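Undergrad: The sequence and its predicted three-dimensional model are supplied below.
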Amino acid sequence: MTRQSKLSILCILALATTVSAQWKEQLLYSFQGYPDGAIPVGSIVYDKQGNLYGATLSGGLRSCSAPGGGCGTVYELSPPVKKGDPWTETQVHLFQGRAFGDGSDPAGGLIMDAAGNLYGTTEYDGSGNCNLLGGVVGCGTVYELSPPAQPGGAWTETVLYNFQGGNDGYIPTGDLVFDKVGNLYGVTLFGGGRGTNCGDSLYPNCGTVFELSPPQTKGGGWTEKVLYSFSGLEPESIAGDGSEPNGGLVLDEAGNIYGTASRGGSMIPSCGGQGELSGCGATFELVPPKQNGSAWTENVLYRFEGALNDGAGPNGNLILAEGTLYGTTLSGGSGEFGIVYSLKPSKAKNQWVKTTLYSFGGGNNPGFPKGGLTVTRSGDVLGTASGGGATFAGAIFELMPPKPGGEWGLLDLYDFGQPPAAAHPIGELVSDGSNNFYGITQSGGTGQACDGGCGTVYEASP
């Protein structure tokens, strides 16, 4: 399961003004915090019956040692039998935390296999002995949720791997991805045993890319392998390999892995924090070894420079289209509200050419993209911005190819409102194949347990 697209050109845009063509939006569900979830995260998935599945960072049970206000949840939203009736929310899993042998605080979304099993990560808890934030909270987990044998039954959770900290990494985050033979790939924000200048002095080492391989025999366990450990910005260097990788990896047909690190890269003063030169982030490639057992090779495809000239803080969730990568950064660019960029391989070996396709502006224009891009059947590209719009609560935008010789531009499709309306979208838009798109917001809605609402799931359509 990769994020490849058959797009001939993925284009994103730079007109001086933003064109508005408002879509319709329907709020499908407002999270309440307790006993259901709060702050939905990552990607949602859509099954053949039209049900939506996703994760929330917090809410649910209060039995966790990790921060966040509740252990987090996995939820299902089922469409109504009669059009116009409300959708039904079901709690697929309430995370219980370390004391119950479970993870907590899922920070990434879900992926689904052909059998309907769900896979994701939790940032904290599990059986690992990581001493974080002044106490032992566990190092995070990778989990699987299997659907019930009979309708209405309980889902079954299996913890596929408990991170132990140190060399195997800790705090897994972002969406997982499958390869063709069923191996899972993901990242941890920290750990891995390499790097000390990683942009956050509270957490040692700069993160990992890992592989989880399914059991070779019935009843066996999954096997974890660290493919690469980041070293960040070492004091003696001016260019590093990145730090704090943030998930949403993509694989090409040859098995190369592409991803982003939110920090590290080059020592650029504009991307410092708390007296540190933490770097503006990087986009990287991992090349598998030619012989089994040999090391993977990392190539840094681009080091961001921040400020007005470039983006900073790449967001992960890359798209690979006909050999070209496309992604977003949370900040930087001419308006300092983030950019959309492309990376295309050059003729020179291991060198890629980066192009800024669109810089988000301020004011009522969309800005601060926090989710990946989505390609429609017709080849248009949709995305969400967590800020900007008519009420500064975020927007859905469309990226369309220009006419020959023309300039790029951005089409503002929908501006979110202030709570209790859905506000501040994050993650990718998911299509049901009928020109309806589904997404999440991290605030807004009717939930009273959270300041500004606990987040929502919404439907948007032309």
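TA: Structure's in. What do you need? What you are looking at is a predicted structure, and each value in this text was computed from that prediction instead of being measured.

Undergrad: Quick one: low-confidence residue ranges for the stretch 51-200 of the chain.
TA: Low-confidence segments of the stretch 51-200 of the chain, defined by pLDDT under 70: 65-68, 133, 199-200.

Undergrad: the strands in it, which residues?
TA: In the stretch 51-200 of the chain, the strands defined using DSSP state E, counting those that start in this stretch lie at 52-59, 73-78, 88-94, 103-104, 111-112, 118-122, 124-125, 131-132, 135-136, 141-146, 156-162, 170-178, 184-190.

Undergrad: Same check on the stretch 301-450 of the chain?
TA: Counting by DSSP E, counting those that start in this stretch, the strands of the stretch 301-450 of the chain are 311-314, 319-321, 324-332, 339-345, 352-359, 374-375, 381-385, 395-399, 410-415, 422-431, 437-444.

Undergrad: Quickly, which of those bottoms out on average pLDDT?
TA: Note on these: lowest mean pLDDT is at strand 374-375, with a mean of 74.

Undergrad: List the contacts of the residue nearest to Pro245 when sequence neighbours are not counted.
TA: Nearest non-adjacent residue to Pro245, counting by C-beta to C-beta, 6 or more residues apart in numbering: Val187, 4.0 Å away. For every residue, glycine as well, the C-beta is placed using N, CA and C. Applying C-beta atoms under 8 Å, 6 or more residues apart in numbering to Val187 gives the contacts 169, 172-174, 207-210, 245-247, 249, 259.

Undergrad: Dig out what Val187 forms beta bridges with.
TA: Beta-bridge partners for Val187, by DSSP bridges, are Thr173, Val209.

Undergrad: just to revisit the earlier point, let's have the strands of the stretch 301-450 of the chain in CSV, adding distance to Pro80 and mean neighbour count.
TA: Shown next, in CSV, are the strands of the stretch 301-450 of the chain (distance: least, C-beta to C-beta, whole Å; neighbours: other C-beta atoms under 10 Å):
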stretch, distance to Pro80, mean neighbour count
strand 311-314, 39, 28
strand 319-321, 32, 22
strand 324-332, 34, 25
strand 339-345, 36, 21
strand 352-359, 38, 18
strand 374-375, 24, 21
strand 381-385, 25, 26
strand 395-399, 23, 25
strand 410-415, 22, 23
strand 422-431, 18, 25
strand 437-444, 14, 27
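
Undergrad: distance of the most centrally placed residue in the chain from Leu189?
TA: Centroid-nearest residue in the chain: Gly174, 4.3 Å away (criterion: C-alpha atoms, centre = their mean). Gly174 sits 9 Å away from Leu189, taking C-beta to C-beta, to the nearest Å as the criterion.

Undergrad: What residues does the residue nearest to Thr90 when sequence neighbours are not counted make contact with?
TA: Once flanking residues are discounted, Thr90 sits nearest to Glu76: 4.5 Å by C-beta to C-beta, 6+ apart. Counting by C-beta under 8 Å, 6+ apart, Glu76 makes contact with 51-53, 89-92.

Undergrad: what number of residues lie near the closest residue to Arg303 other than its chain neighbours?
TA: Among residues not flanking Arg303 along the chain, Gly265 sits closest, at 3.6 Å (C-beta to C-beta, 6+ apart). If you count neighbours by other C-beta atoms under 10 Å, Gly265 ends up with 31.

Undergrad: State the phi and psi torsions of Gly265.
TA: Reported as degrees, to the nearest 10, the phi and psi values for Gly265 are phi 90, psi -110.

Undergrad: quick one: the spatially closest residue to Leu94 that is not a sequence neighbour from Glu157, how far?
TA: In space, and not counting its chain neighbours, Leu94 is closest to Gly60: 4.5 Å by C-beta to C-beta, 6+ apart. Between Gly60 and Glu157 the computed distance is 13 Å (C-beta to C-beta).

Undergrad: between the two, who's got more neighbours?
TA: Set Gly60 next to Glu157 and count neighbours by other C-beta under 10 Å: Gly60 wins out with 29 against 21.

Undergrad: OK, contacts around that one?
TA: Gly60 touches 34-37, 70-73, 91, 94-95, counting by C-beta under 8 Å, 6+ apart.

Undergrad: Among the residues you listed, which one sits closest to Leu233?
TA: Gly72 (31.7 Å; C-beta to C-beta).

Undergrad: Tell me who's in contact with that closest one.
TA: 37, 55-60, 95, 104-106, 122.

Undergrad: Only whichever of the contacts of Glu76 are buried, select them in PyMOL.
TA: In PyMOL syntax, the buried subset of the contacts of Glu76 is picked out as below (16 or more other C-beta atoms under 10 Å):
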select buried, resi 51+52+53+89+91+92
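
Undergrad: Identify the bridge partners of the nearest residue to Tyr458 once chain neighbours are set aside.
TA: Leaving aside its sequence neighbours, Tyr458 sits nearest to Ala422 (C-beta to C-beta, 6+ apart; 4.7 Å). Per DSSP bridges, the residues bridged to Ala422 are Gly444.

Undergrad: what comes up buried for stretch 144-157?
TA: Along stretch 144-157, these residues count as buried under the neighbour rule (16+ other C-beta under 10 Å): 144-145, 147, 155, 157.

Undergrad: want to try a markdown table for those, with distance to Gly447 as columns?
TA: Converted to a markdown table, the buried residues of stretch 144-157 look like this (distance: C-beta to C-beta, whole Å):
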| residue | distance to Gly447 |
| --- | --- |
| Glu144 | 28 |
| Leu145 | 23 |
| Pro147 | 27 |
| Trp155 | 23 |
| Glu157 | 25 |
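
Undergrad: List just the nearest of these to Pro80.
TA: Pro147 (20.6 Å).

Undergrad: which residues touch stretch 260-267?
TA: Residues contacting stretch 260-267 (C-beta under 8 Å, 6+ apart): 198-199, 206-207, 230, 232-233, 237-246, 248, 271, 277-284, 300, 303-305, 313-316, 318, 327.

Undergrad: For PyMOL, what selects the buried ones among the residues you listed?
TA: Here is the PyMOL command that selects the buried residues among the contacts of stretch 260-267 (16+ other C-beta under 10 Å):
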select buried, resi 198+199+206+207+230+232+233+240+241+242+243+244+245+246+248+271+277+278+279+280+281+282+283+284+300+303+304+305+313+314+315+316+318+327
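
Undergrad: For the helix or strand containing Asn299, the averaged confidence score.
TA: Under the criterion of DSSP states H and E, Asn299 resides in strand 297-303. For strand 297-303, the mean per-residue pLDDT is 94.

Undergrad: what's the offset of that strand from the middle of its chain?
TA: 20 Å (C-alpha atoms, centre = their mean, to the nearest Å).

Undergrad: Next, the angle strand 324-332 makes with that strand.
TA: Calculated by axes from the mean of the first three to the mean of the last three C-alpha atoms, to 10 degrees, strand 297-303 forms an angle of 50 degrees with strand 324-332.

Undergrad: Tell me the strands beside strand 297-303, with direction?
TA: strand 282-287 (antiparallel).

Undergrad: what's in contact with the partner strand?
TA: So strand 282-287 is contacted by 209, 227-228, 240-242, 245, 256-261, 264-265, 296-304, 314, 318, 325, 327, 343, 352 (C-beta under 8 Å, 6+ apart).

Undergrad: repeat that with 7 Å
TA: Residues from elsewhere that reach strand 282-287 (C-beta atoms under 7 Å, 6 or more residues apart in numbering): 209, 227-228, 241-242, 256-261, 264-265, 296-304, 314, 325, 327, 343.
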